[in-house]
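1. 3D model of this:
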Amino acid sequence: MRILISTFYSLEPVVSSIHRYSPEKVYLLTDKDMDQQATKNFETLKDTFSHVVDLKRIPVNQYDIYEVAKKTVDIIDREYHNQNEIFINITGGRKTSMLGVLYGAYTRCDLVSSIHYIREEDSQPMELPKMSYDLNDVEHTLLELINTSKEFNVSEAANRLGKTKGLIYLYLKKLKSRGFIDEDFKITTAGKIALL
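-> Now for the predicted structure:
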């Protein structure tokens, strides 16, 4: 079965994606409090496609990139487990929700068939790269330690990971340079998304 995960506010990008990929199920990540125009667009989409496509509205806080990424990851994991083919459209919603869906897709890039953006000028899809956070095991474990620690301690991390403090500092420098932690060894939103 083909699955489309899409941001949603505007009607046209979602319609273009449905026509292009012919999904059987479409997940629309919408703002929790859709305004009148978005509600009208959603009703039009339902009237047009609900007899051929299973439309699922997923309400999110459009300005919470982590929440949007988490919901995207949850959908990808569930649908991939059901052996479905997954397509991502990032075009139809607010920029912040678009980024959340894109970042969520990056955490599961190997499970996603395509990530695309629909160009406004000609309604044609533009294939986007399927990128990855590419954390190795030590980086992932270190990031988890930082995320779960009230006060991160390099010596404790070195002992837990069986590494030298110098090596832990090198890993921390790399995590910081990639934006996953800040200078105080606190996890960032990007770091939390990388752990999804």
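2. for the longest helix seen in the chain, the distance to its chain's centre please.
-> In the chain, taking DSSP state H as the definition, the longest helix is helix 65-81. Centroid separation for helix 65-81 versus its chain: 7 Å, with C-alpha atoms, centre = their mean, to the nearest Å.
3. export the next helix or strand after that helix to PDB, keeping only CA atoms.
-> Under the assignment DSSP states H and E, the closest C-terminal helix or strand after helix 65-81 is strand 85-89. In PDB, the C-alpha atoms belonging to strand 85-89 read as follows (Å, rounded to 0.1, in the frame of the first residue of the first chain):
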ATOM      1  CA  GLU A  85       5.600   2.300   0.800                       C
ATOM      2  CA  ILE A  86       6.000   5.800   2.200                       C
ATOM      3  CA  PHE A  87       6.100   9.200   0.400                       C
ATOM      4  CA  ILE A  88       6.600  12.500   2.000                       C
ATOM      5  CA  ASN A  89       5.300  15.900   0.800                       C
END
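4. just want the angle from strand 85-89 to helix 65-81.
-> 150 degrees (axes from the mean of the first three to the mean of the last three C-alpha atoms, to 10 degrees).
5. identify the residue nearest the residue of the chain positioned farthest from its centre in space, chain neighbours excluded?
-> In terms of distance from the mean C-alpha position of the chain, residue 164 ranks first, at 33.9 Å (C-alpha atoms, centre = their mean). With C-beta to C-beta, 6 or more residues apart in numbering as the criterion, residue 164 has its nearest non-adjacent residue at 6.1 Å, and that residue is residue 158. (Each C-beta comes from the backbone N, C-alpha and C, glycine too.)
6. and that neighbour, how far is that from residue 135?
-> Distance, residue 158 to residue 135, by C-beta to C-beta, to the nearest Å: 18 Å.
7. and what of residue 84?
-> Distance, residue 84 to residue 135, by C-beta to C-beta: 26 Å.
8. try residue 78
-> Note on residue 78: its distance to residue 135, by C-beta to C-beta, is 23 Å.
9. which one of the two has more residues nearby?
-> residue 135 (19 against 12; other C-beta atoms under 10 Å).
10. excluding residues flanking it in the chain, which one is nearest the more buried one?
-> For residue 135, ignoring the flanking residues on the chain, the nearest one in space by C-beta to C-beta, 6+ apart is residue 194 at 6.1 Å.
11. contacting residues for that neighbour?
-> If a contact means C-beta atoms under 8 Å, 6 or more residues apart in numbering, then residue 194 has 107, 133, 135, 143, 180 as its contacts.
12. got it, and residue 17?
-> By C-beta under 8 Å, 6+ apart, the neighbours of residue 17 are 4, 6, 23, 87, 89, 91, 116, 118, 125.
13. just the residues you listed now: which is nearest residue 43?
-> Relative to residue 43, the closest of these is residue 6; by C-beta to C-beta it sits at 16.4 Å.
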